[in-house]
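Asker: A structural model of the following input is requested.
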Amino acid sequence: MQSFRSEIENPLVEKDIIDLAKKIAQFKAGEIHEEKFRSLRLARGVYGQRQQGVQMVRIKLPYGKITFNQWKRISDISDEYSTGNLHLTTRQDIQIHFVSLDRTPELWSKLEQDDITLREACGNTVRNITASPTSGIDPKELFDVSPHADAAFRYFLRNPICQEMGRKIKISFSNTDEDTSLAYLHDLGFIPKIQNGQKGFRVVVGGGLGAQPMLAKVAHEFLAEDKVIPYIEAVLRVFDRHGERNSRHKARMKFLIQKIGFEAFVELVEAETKALKNHSVGIQDSALWDVEIPSKASSMEVNRSEEYQTWLQSNTFEQKQKGYHAVYVRVLNGNISSDTSRSLIQALDGYIGNDIRVTINQGLMLKFVPTVNLSYVFDVLKSHQLASPGANSVANITACPGTDTCNLAISDSTNITSKLESVIAEDFPELIHNNELKIKISGCMNSCGQHGMASIGFHGSSLKAPDKRVLPALQVLLGGATLGNGEGKIADKVIKVPSKRGPAALRVILNNYEENANEGEYFYQYYDRQGEKYFYELLKPLADLSQIQEDEFIDWGASENFVTEIGVGECAGVMIDLVATLLFEADEKFEWTEAAFADKRWADSIYHAYSVYISAAKALLLDKSVTVSTQNQVITKFDENFVQSGDFSFDTSFADLVLQINQNEPSEAFASNYIAKAKAFLEQAKEFRQLVTEK
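Answerer: Now for the predicted structure:
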């Protein structure tokens, strides 16, 4: 742990990493309950794999941005601690797998030397904030949204209001009405607007995929840019207090809105206004995001081949900065080796801008490529087998890792992707220019591969044969679409087919679309015109299990017969319902309260103190076997079970005491008073617990 101190300049980061190392040691010594430890490591980007004894480490890259130095650092880390593979995700992160838990603090400390974090990449936190990869260079954009995404990322990292929520929060910033960052599928999504010369956003709230996908609702047609972060804070405070915490399947923001109604949700958000840390947060000038101009010019002759021209048309576009192009790079399944990464860095450094973006379709985007360097960049990519055309087309299929590493996956989603892409390349080569039709696949219904919004989606499942044996299957979904301006369309579940028939199903669907669609008719429009029943009948022969071949019991990429093996998922974290653990947490949170107050961070100290009230009250309720599923219920049930009984007494009620957090501005005077009462309550709660256990 001493080595962390010598390598890390930021004391908050240093404390985080040292704390992780301590907690690992305490967990192995049996001093921390497994569920508490799981929650802690998830919030630090360390996620349990399907394979026992190893971890997936998720590296958080705000809006997908990496520099050459960061890319190389991650590649070197993967060699030293992982398998030499980098997995690009649909949330613009990079994941490495098969990491030893004991080595994660050391790994993290080395990443931080190039300003790369793991903090809050997993768990019940604000996950990586995504943004359109073309931000800052798109000729169609009103303004660059990178500074807004960056400001939100930094504001909520380690922020007390979003460290232990009921579930994760996903936020996106799109840079045009095309909504390439899929605002409509996020807890909070932002579409840029300009009103009376002022920058701002159309704001949508409460979207999400998963087993029960829902479209986001419009919260603001226009919200000025300096009000964006305060609004997010208010929403998070509401979600923290009122969101479900027992049933993980009902704990997303979309379910809270569904439960209480959108109008009630809006009122709760408005009620948080007075207590916000800031009522206006300015955004740094976008000039700070200017990319250093490439210093090297290629002397290579312009490539005249048909292959190059196809790549040029489908994988590049001219930036709003004249004389420069952006280049999309197709990466199969989002997997790129560390060796390939380092080789690309060496070949491209100086020939393109030092700002590479991970895209939401698991690829890369190279920025600021001078026109004169395009042929050179193509040759570099081709020599690394990364010059396939159609980077944003139907030919480029998005897929989660599936049964390769994920606990929740039911059947394969990666090996079949190459088979599906082969169908496009061999039978429908003209579709490499179709950027509207999207194919996406997930290993289960949770939609990490975003199948729920795809034109043609698949998710892993299983079927039972007539002889009762189980075989791997794919649920086919059709008709999803991104409509633009924060609006979209969820795909319908149509039919389930054996996994080995997935390529055949794709051929049937695409042939039918080509033969019968009207001129200029998008796939989702064609699907709507024909209807779900039409496609069910179309695919029904492929679902017939009366003539099953033996190889259909073996999943793609496997050698043995299929067995459904689903572990415990960790995407949502786990509830901590042990009395002693909750009281221990309350003590720890009070230490954070005092530290924040000493730093004169009044708002943070107040929210930490609020958490002290909640943890201590929940502990005592649990001791009485009183079930609570939200923080708001903790507050009301404590009054019912402890105040009304006379066990605890306050000037008014426990609710009035705790909810002062909403009624006061975060001043030093209020913080001092609120913290003092929190300390007194915590001491009384521990004394009460001691008396109960001694009886």
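Asker: Going by C-alpha atoms from here, please, whenever you check contacts or count neighbours.
Answerer: Fine.
Asker: element containing Tyr155, please.
Answerer: Per DSSP states H and E: Tyr155 is located in helix 146-156.
Asker: Now that helix - C-alpha only, PDB.
Answerer: Extracted in PDB, the C-alpha atoms of helix 146-156 (Å, rounded to 0.1, in the frame of the first residue of the first chain):
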ATOM      1  CA  SER A 146     -18.100  16.800 -24.600                       C
ATOM      2  CA  PRO A 147     -17.600  19.500 -22.000                       C
ATOM      3  CA  HIS A 148     -21.100  18.900 -20.700                       C
ATOM      4  CA  ALA A 149     -20.600  15.100 -20.400                       C
ATOM      5  CA  ASP A 150     -17.200  15.700 -18.800                       C
ATOM      6  CA  ALA A 151     -18.600  18.200 -16.300                       C
ATOM      7  CA  ALA A 152     -21.300  15.800 -15.200                       C
ATOM      8  CA  PHE A 153     -18.800  13.000 -14.900                       C
ATOM      9  CA  ARG A 154     -16.600  15.000 -12.600                       C
ATOM     10  CA  TYR A 155     -19.400  16.500 -10.600                       C
ATOM     11  CA  PHE A 156     -20.900  13.100  -9.600                       C
END
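Asker: hmm, who's touching it?
Answerer: By C-alpha atoms under 8 Å, 6 or more residues apart in numbering, the residues outside helix 146-156 that reach it are 62-63, 126, 128-131, 135-136, 162, 172-173, 225, 229, 283-286, 289.
Asker: Selecting buried members of the residues you listed in PyMOL, what would you type?
Answerer: To isolate the buried subset of the contacts of helix 146-156 in PyMOL, counting by 16 or more other C-alpha atoms under 10 Å, use the following:
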select buried, resi 62+63+126+128+129+130+131+135+136+162+172+173+225+229+283
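Asker: on that earlier part again, following the helix holding Tyr155 in sequence, what is the next regular element?
Answerer: Using DSSP H and E, the first helix or strand after helix 146-156 is strand 171-173.
Asker: tell me the mean pLDDT for that next one?
Answerer: Across strand 171-173, the average pLDDT comes to 98.
Asker: can you give me how far it is from the chain middle?
Answerer: 10 Å (C-alpha atoms, centre = their mean, to the nearest Å).
Asker: Also stretch 282-291?
Answerer: Its chain's C-alpha centre and that of stretch 282-291 lie 24 Å apart, by C-alpha atoms, centre = their mean.
Asker: re earlier: averaged pLDDT, the helix holding Tyr155. What do you get?
Answerer: 97.
Asker: For that helix, which residues meet the burial criterion?
Answerer: In terms of neighbour count (16+ other C-alpha under 10 Å), helix 146-156 has its buried residues at 146-153, 156.
Asker: still on that earlier bit, of the contacts of helix 146-156, which belong to strands?
Answerer: Taking DSSP state E, the ones among the contacts of helix 146-156 that sit in strands are 130-131, 172-173.
Asker: so where is the stretch 151-300 of the chain shaky, pLDDT-wise?
Answerer: Along the stretch 151-300 of the chain, segments meeting pLDDT under 70 span 288.
Asker: how about the helices in it?
Answerer: Under the criterion DSSP state H, counting those that start in this stretch, helices of the stretch 151-300 of the chain are mapped to 228-242, 253-260, 262-271.
Asker: Can I get the last one in PDB, CA atoms only?
Answerer: Taking Å, rounded to 0.1, in the frame of the first residue of the first chain, the C-alpha atoms of helix 262-271 are listed here in PDB:
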ATOM      1  CA  PHE A 262     -44.600  11.200 -13.800                       C
ATOM      2  CA  GLU A 263     -46.300  14.300 -12.400                       C
ATOM      3  CA  ALA A 264     -45.500  13.200  -8.800                       C
ATOM      4  CA  PHE A 265     -42.000  12.500  -9.800                       C
ATOM      5  CA  VAL A 266     -41.600  16.000 -11.300                       C
ATOM      6  CA  GLU A 267     -43.000  17.500  -8.000                       C
ATOM      7  CA  LEU A 268     -40.500  15.500  -5.900                       C
ATOM      8  CA  VAL A 269     -37.600  16.700  -8.100                       C
ATOM      9  CA  GLU A 270     -38.800  20.300  -7.800                       C
ATOM     10  CA  ALA A 271     -39.000  19.900  -4.000                       C
END
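Asker: in that helix, what counts as buried?
Answerer: Along helix 262-271, these residues count as buried under the neighbour rule (16+ other C-alpha under 10 Å): 262, 265, 268-269.
Asker: ok, of the residues you listed, which one's closest to Ser411?
Answerer: Phe262 (36.6 Å; C-alpha to C-alpha).
Asker: Does Thr398 touch Ile439 like I think?
Answerer: Yes: using C-alpha atoms under 8 Å, Thr398 is in contact with Ile439, at 6.8 Å.
Asker: Low-confidence ranges, the protein, go.
Answerer: 1-8, 288, 565-578, 695.
Asker: quick check: domain ranges of it?
Answerer: The chain resolves into domains spanning 2-112, 130-287, 291-383, 398-553, 579-694 when parsed by automatic domain parsing.
Asker: Which of those domains sits closest to Asn392?
Answerer: Taking C-alpha to C-alpha, domain 398-553 is the member of the domains of the chain nearest to Asn392, at 5.6 Å.
Asker: what's the first-to-last distance across that closest one?
Answerer: Distance between the boundary residues of domain 398-553 (C-alpha to C-alpha, to the nearest Å) amounts to 24 Å.
Asker: now Gln26: how far from Leu12?
Answerer: On the measure of C-alpha to C-alpha, Gln26 and Leu12 end up 21 Å apart.
Asker: In terms of neighbours, single out the busier of those two.
Answerer: Remark: of Gln26 and Leu12, Gln26 carries more neighbours, 14 against 10, as counted by other C-alpha atoms under 10 Å.
Asker: before we move on, what SS does that one have?
Answerer: helix (DSSP: H, G, I helix; E, B strand; the rest coil).
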